[in-house]
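>>> Return a 3D structure for these sequence lines:
(one chain, ligands or ions: 1)
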Amino acid sequence: MKDKNTKENDLMEKIVSLCKRRGFVFQGSEIYGGFAGTYDWGHLGVALKRNVTDVWNKAMQFHRDMTFLDSSIFTSGKVWEASGHVSGFSDPLVVCNICKEKSRADHLLESISVKADEKLSELEINKIFDENRAKIKCPKCGGKDFGKIRATNLLATSNLGMFDEKEDQVYLRGETAQGIYINYKNVLDTGFVSIPFGISQIGKAFRNEISPRQFLFRKREFEQMEMQYFCHPDEAMKNYESWKKERMEYYIKLGINPKKLRFKPHENLVFYAKAACDIEYEYPFGWSELEGIHYRGDYDLTQHQKFSGVDMRFYDEETKKRYIPHIIETSVGVDRTVLMILCDTYNEDELGGSKRIVLKLPPRLAPVICAVSPLLKNKPELVEYANTKVYAPLKAEFGRVAWDDNGNIGKRYRRQDEIGTPFCIVVDFDTLTDDTVTVRDRDTGEQERIKVEDLENYIKERI
Ligand code: GAP
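Next up, the predicted model:
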């Protein structure tokens, strides 16, 4: 019998293989041997990712006081000096003295089951590493001879617009949040919102991760969905608690197994944070951060006020007082969400006496909502009906509708199960006389006869 770890690794391998086989995700720059920490999204991956961002957007739009932003990836280098990323955004790098492999010290400690919080200082992590040196092995050569731990900055640099060495260093953004802070005044000045209000943003972020790993979990180029809520200091803690509650409920409503979700309070708060926790998911490789929820105080706006000279205070008409709002942040990666959804919905079961792989995706997340098939592809009357009376109107309404006439019906069902298509619709000879089709349910395999004119509503009710 396989031990738990092997089974978990198997599951990750199966998911990676399914993603490639069916066109969800490909290794970045694959034909050139790959480019570590990058992945390219295929046809189905793009659709799944878009459904994930749509659901998040809708959850944010639900708030009357929410606004949306799409700020630049490239910003003035000053933004990252003010935010503290230039001086303090780093990972603990350790190099093997034998094979020169670069690793993250906290990951090596984890491999021997020694906890090392990501937020530890360089001094603290060096101390823990030194205490455990004798037990730690290099993942590449197995050697036990390592150099000293060095804090390595995570910001990726660029030369965009730099034509003179004396110009300030340019960075690719390490998080989307800074774009929100530097636009907070702009949004406030539009007059549509007042304190309290939120700014939501979805966009790419870049980090020079030392050891990108676990497929979509830790990438060098990834996408974040971040929301910053600006409020009065006296209201901040209450808002922090209510965002915590809302974000957990969001995942449960999405259909994620509640037993695999938990809050983890941060043990070592950064000096400016008033409270912080993660929502963790139990990935095949263990409980790991999915989303961060942080009460950041007035740190970010104060820093940008100091570095830019722009007054970041809000003038309260009622009290006639000025103050810098406090910020509650919710921050989650699109890639980590997709990985969680794949892990949560991947199943191998038996249906109708044969084994199958099935992604039990909630209909609103499924890349393909339904597949339409003529029972036989060499019968023009079936093809014509399926195409014009079923596929075309559904495609126009839902977009994410597939035409599938390849192989026999059993094979088509298996193929659609593997990509998580909730409904397969088959046009057969009866359809030509009674205008009904067979709709087969992915999870139960049960089939119903539905009138063609009712198909649109049938699907809408189930999304
Ligand atoms: N603005 C706060 C912030 O960026 P973070 O904990 O560094 O906080 C927030 O990142 C979220 O972004 C994480 O919870 C995770 O979902 C995602 N994330 C961070 N680094 C990532 C990486 N290298 N690859 C994929 N997702 C990542």
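>>> With only the CA atoms kept, save stretch 298-308 in CSV.
What follows is stretch 298-308 as a C-alpha-only set of coordinates in CSV (Å, rounded to 0.1, in the frame of the first residue of the first chain):
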residue,chain,number,x,y,z
ASP,A,298,-2.4,53.5,8.4
TYR,A,299,1.1,52.2,7.4
ASP,A,300,0.7,52.2,3.6
LEU,A,301,-0.9,55.6,3.3
THR,A,302,1.5,57.2,5.8
GLN,A,303,4.5,55.8,3.9
HIS,A,304,3.2,57.2,0.6
GLN,A,305,2.4,60.5,2.2
LYS,A,306,6.0,60.6,3.5
PHE,A,307,7.6,59.7,0.2
SER,A,308,5.4,61.6,-2.2
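>>> Tell me the buried residues in stretch 369-381?
Within stretch 369-381, the residues scored as buried using 16 or more other CB atoms under 10 Å are 369, 370, 371, 372, 373, 374, 375, 376, 379. All C-beta spots, glycine's among them, are computed from the backbone N, C-alpha and C.
>>> Actually, stretch 346-364.
Quick answer for stretch 346-364 (16+ other CB under 10 Å): 346, 356, 357, 358, 359, 360, 361, 362, 363, 364.
>>> Name the residues that touch it?
Outside stretch 346-364, the residues within contact range by CB atoms under 8 Å, 6 or more residues apart in numbering are 11, 14-15, 18, 48, 51, 55, 254-255, 341-342, 345, 366-367, 369, 410, 414, 417-420, 422, 442-443, 445, 459, 462-463.
>>> Report how far apart the opening and closing residues of that stretch are.
16 Å (CA to CA, to the nearest Å).
>>> Wait, a strand at residue 454?
No. Going by DSSP: H, G, I helix; E, B strand; the rest coil, the assignment for residue 454 is helix, not a strand.
>>> Can you get me a residue count around it?
14 (other CB atoms under 10 Å).
>>> ok, now which ones touch the residue nearest to the spatial centre of the chain?
Centroid-nearest residue in the chain, with CA atoms, centre = their mean: residue 334, separated by 2.0 Å. Listed by CB under 8 Å, 6+ apart, the contact set of residue 334 reads 49, 52, 53, 202, 222, 223, 224, 225.
>>> Kindly recompute the last result at 10 Å.
41, 48-50, 52-53, 56, 202-204, 216, 222-225 (CB atoms under 10 Å, 6 or more residues apart in numbering).
>>> And for residue 139?
Taking CB under 10 Å, 6+ apart, one finds 96, 99, 101, 103, 107, 108, 111, 211 in contact with residue 139.
>>> try 7 Å this time
101, 103 (CB atoms under 7 Å, 6 or more residues apart in numbering).
>>> measure the residue in the stretch 201-350 of the chain that the ligand sits nearest to to residue 407 for me?
The stretch 201-350 of the chain approaches the ligand most closely through residue 333 (3.0 Å), counting by CB to the nearest ligand atom. Distance from residue 333 to residue 407, counting by CB to CB, to the nearest Å: 37 Å.
>>> who has more neighbours, those two?
residue 333 (23 against 13).
>>> re the thing from before, save the buried residues of stretch 369-381 as TSV, and put in pLDDT and distance to the ligand too.
As requested, the buried residues of stretch 369-381 are arranged in TSV below (pLDDT from 0 to 100; distance: CB to the nearest ligand atom, whole Å):
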residue	pLDDT	distance to the ligand
369	97	27
370	98	31
371	98	31
372	98	36
373	97	37
374	97	42
375	96	44
376	95	46
379	95	48
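>>> All the helices of the stretch 1-150 of the chain, in order from the start?
4-22, 43-61, 77-83, 85-88, 105-111, 122-132 (DSSP state H, counting those that start in this stretch).
>>> got a list of contacts for the fourth one?
Spelled out, that is helix 85-88. 80, 155, 174.
>>> quick revisit: farthest-separated two in the buried residues of stretch 346-364?
356 and 364 (22.6 Å; CB to CB).
>>> export the buried residues of stretch 369-381 to a markdown table and tack on secondary structure?
Below are the buried residues of stretch 369-381 laid out as a markdown table (three-state DSSP):
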| residue | secondary structure |
| --- | --- |
| 369 | coil |
| 370 | strand |
| 371 | strand |
| 372 | strand |
| 373 | strand |
| 374 | strand |
| 375 | coil |
| 376 | coil |
| 379 | coil |
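>>> which non-adjacent residue is nearest residue 154?
residue 207 (4.5 Å; CB to CB, 6 or more residues apart in numbering).
>>> Distance of the one you found relative to residue 161?
From residue 207 to residue 161 the distance is 21 Å (CB to CB).
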